[in-house]
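Peer 1: sharing a model that was predicted from the sequence below.
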Amino acid sequence: MRQAITTLEIRTGGRGLVEFTREVAAFVHDTGIETGLLTVFCRHTSASLTIQENAAPEVRQDITDWLDRIAPEDGGWIHDDEGPDDMPAHLKSILTGVSLSIPVASGVPVLGTWQGVYLVEHRTRPHVRQVVLHVSGE
Amino acid sequence: MRQAITTLEIRTGGRGLVEFTREVAAFVHDTGIETGLLTVFCRHTSASLTIQENAAPEVRQDITDWLDRIAPEDGGWIHDDEGPDDMPAHLKSILTGVSLSIPVASGVPVLGTWQGVYLVEHRTRPHVRQVVLHVSGE
Amino acid sequence: MRQAITTLEIRTGGRGLVEFTREVAAFVHDTGIETGLLTVFCRHTSASLTIQENAAPEVRQDITDWLDRIAPEDGGWIHDDEGPDDMPAHLKSILTGVSLSIPVASGVPVLGTWQGVYLVEHRTRPHVRQVVLHVSGE
C-alpha cells in the first residue's frame, strides 16, 4: 500500500455551496491508486464539507436557508467579535462536519450517482479555503 | 498492511433506523485483519449513517421524531420534485453524515458497549441502499 | 506503510467541551509517522467529537447553549430511563458525530490555525470517556 497527499485552495463567493467533486476525482486518478481510502479535510472552523445532491440547484438554496434557520444570526450568541455571521458559521460547521471518508474502487471515489462533494462556505464574504486530500491504497 | 472492500445492500422499511453492526463486524472478521481502520460509506443523498444506542428501541423512535422536527416536510422548501419527504431527506442526511471511520483492534471494530451502526432511511417508502465497507490494516 | 493505535481516557466536568488537541498531536509525534491518516473515535453514545475554534472560550459556551436549544431536555422524548439529559445527549451526539479523520503531514495533524480537537460531553454529570486514536502512514 502507498499514499499521496495534496492541498486544494477553493475560492468561495460568500455563503453557499461550492462543488469540487471533479478536483477530488482528478487527484485520485493521478495517483494511480485503484483500491483504497480517500479522506477530505477542511482546515477551517467557519466553512465545512458535505456530500449532497449534485443535480438540482434548488437543493443548494434550501440547504443554505435551512442552515440559517438552525443557526440564525440573531440567536443571541455571546461570541460576536467578527460580526453576526461568525458564531452561526461555527455552529453550521459543527453540524455539517469538516472531514469526509470515501472508499476508492476501480480508481474512483465510490460516490453514488447523485452524490457530489461540496465545500460549504458559512461566512457572508468570499474566502479562499484550504482542503487537504489524502489517499492510501494500491 | 493490506485492505479489503465490499458493498452491502440494505433493505429499509421506509423512514427509520436499520442496524447492521453484525454485517460490519462479520466483514472485518472475514478479512482476518487484527488492527486497522474500518470505513463505512453510504452512497445516497436521502439516507445516511449514524452510530447510536443499540439497546432501547424508544431511542430510535425519538431520533426519527427529532429529525422530523429539525427538517419538517412543511418547511417551505423550494425543491420538491420528488415529493414533500425529498428535501427533508437531504437535510437529515447532511446532519447525520454519510461516512463513519472506526478503528479495528483485536479483529473487531472498537465500538463501545452501547454503540450500534445504523443506516438511517429518510424517505417515506422502503428502499434498497448501498453501503460500501473498506478496511485496511494487518 | 505502518500503523499505531491507542486509547485515551478523558475526564469531563459534565456538559461542555474538553480540548485534547495536544494529546492527539503527541500520539502522532511519538509514532514517528510523517505522512498519513489520523482517526479519532469516541466510544460513547452520549458524548461526541468536534473540531472547533480553539481561541475564544465564549465559542464553547455558545456551542453548548445551541445544542441545548436543538435538543432540549423538555422535548417530550419517549426514552428517559436515565433522566431528562439522556435522550438529548444521544441526539447531540448524532449531530456532532463520533469519528474524525485528519490527514497527517510533516509529522503533525493538518489542523488549521484555529482548529482544536474537542470531546463534547452531553451528560450533566462528569464522566470518564474513552477515545481511540489510530494512525497509519510512513
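Peer 2: Done, it's in.
Peer 1: contact partners for residue A:116?
Peer 2: A:19, A:21, A:51, A:52, A:53, A:54 (C-beta atoms under 8 Å, 6 or more residues apart in numbering or on different chains). To be clear about C-beta, it is placed using only N, CA and C from the backbone, and glycine gets the same treatment.
Peer 1: dump stretch A:31-45 to CSV, restricted to CA.
Peer 2: This file holds the C-alpha atoms of stretch A:31-45, laid out as CSV (Å, rounded to 0.1, in the frame of the first residue of the first chain):
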residue,chain,number,x,y,z
THR,A,31,-2.1,8.8,-8.0
GLY,A,32,-3.0,5.6,-10.0
ILE,A,33,-4.4,4.1,-6.8
GLU,A,34,-7.1,1.6,-7.8
THR,A,35,-8.5,0.5,-4.4
GLY,A,36,-8.2,2.5,-1.2
LEU,A,37,-9.4,5.2,1.0
LEU,A,38,-9.8,8.9,0.3
THR,A,39,-10.0,11.5,3.1
VAL,A,40,-11.1,15.1,2.5
PHE,A,41,-10.4,17.6,5.3
CYS,A,42,-11.3,21.3,5.6
ARG,A,43,-8.9,23.4,7.6
HIS,A,44,-11.4,25.9,8.9
THR,A,45,-14.0,26.5,11.6
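Peer 1: let me know the closest of the contacts of residue A:116 to residue A:32.
Peer 2: Within the contacts of residue A:116, proximity to residue A:32 (C-beta to C-beta) peaks at residue A:21, which comes in at 19.4 Å.
Peer 1: wouldn't the closest one be in contact with residue A:111 here?
Peer 2: Yes. A contact is recorded between residue A:21 and residue A:111 when judged using C-beta atoms under 8 Å, the distance being 7.1 Å.
Peer 1: which of the contacts of residue A:116 sits closest to residue A:64?
Peer 2: Closest to residue A:64, out of all of the contacts of residue A:116 and judged by C-beta to C-beta, is residue A:52, at 11.4 Å.
Peer 1: how much space between the residue lying closest to that closest one once chain neighbours are set aside and residue A:25?
Peer 2: With C-beta to C-beta, 6 or more residues apart in numbering or on different chains as the measure, residue B:45 is the residue that lies nearest to residue A:52, at 5.5 Å, once sequence neighbours are left out. Applying C-beta to C-beta, to the nearest Å, the value for residue B:45 to residue A:25 is 17 Å.
Peer 1: and the residue nearest to residue A:52, that's in a strand?
Peer 2: No. Following the definition DSSP: H, G, I helix; E, B strand; the rest coil, residue B:45 is coil and is not counted among the residues of a strand.
Peer 1: coming back round to it: would you mind listing which of the contacts of residue A:116 are buried?
Peer 2: Listed as buried from the contacts of residue A:116 are A:51, A:52, A:53, A:54; burial here means 16 or more other C-beta atoms under 10 Å in any protein chain shown.
Peer 1: of the residues you listed, closest to chain C?
Peer 2: Ranked by distance to chain C (C-beta to the nearest C-beta), the buried ones among the contacts of residue A:116 are led by residue A:51 at 13.6 Å.
Peer 1: doesn't that closest one lie inside a strand?
Peer 2: Yes. Counting by three-state DSSP, one finds residue A:51 located in a strand.
Peer 1: residue B:45 and residue A:25: which is more packed in?
Peer 2: More neighbours surround residue B:45 than the other of residue B:45 and residue A:25, with 26 against 17 (other C-beta atoms under 10 Å in any protein chain shown).
Peer 1: so what's that one up against?
Peer 2: So residue B:45 contacts A:51, A:52, A:53, A:112, A:114, A:115, B:89, B:90, B:93 (C-beta under 8 Å, 6+ apart).
Peer 1: so can I have JSON lines of those showing pLDDT and distance to residue B:33?
Peer 2: Compiled in JSON lines, the contacts of residue B:45 are given as follows (pLDDT from 0 to 100; distance: C-beta to C-beta, whole Å):
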{"residue": "A:51", "pLDDT": "98", "distance to residue B:33": "26"}
{"residue": "A:52", "pLDDT": "95", "distance to residue B:33": "32"}
{"residue": "A:53", "pLDDT": "92", "distance to residue B:33": "34"}
{"residue": "A:112", "pLDDT": "98", "distance to residue B:33": "26"}
{"residue": "A:114", "pLDDT": "95", "distance to residue B:33": "32"}
{"residue": "A:115", "pLDDT": "98", "distance to residue B:33": "27"}
{"residue": "B:89", "pLDDT": "97", "distance to residue B:33": "34"}
{"residue": "B:90", "pLDDT": "97", "distance to residue B:33": "34"}
{"residue": "B:93", "pLDDT": "98", "distance to residue B:33": "29"}
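Peer 1: I'm done for today, thanks for sticking with me.
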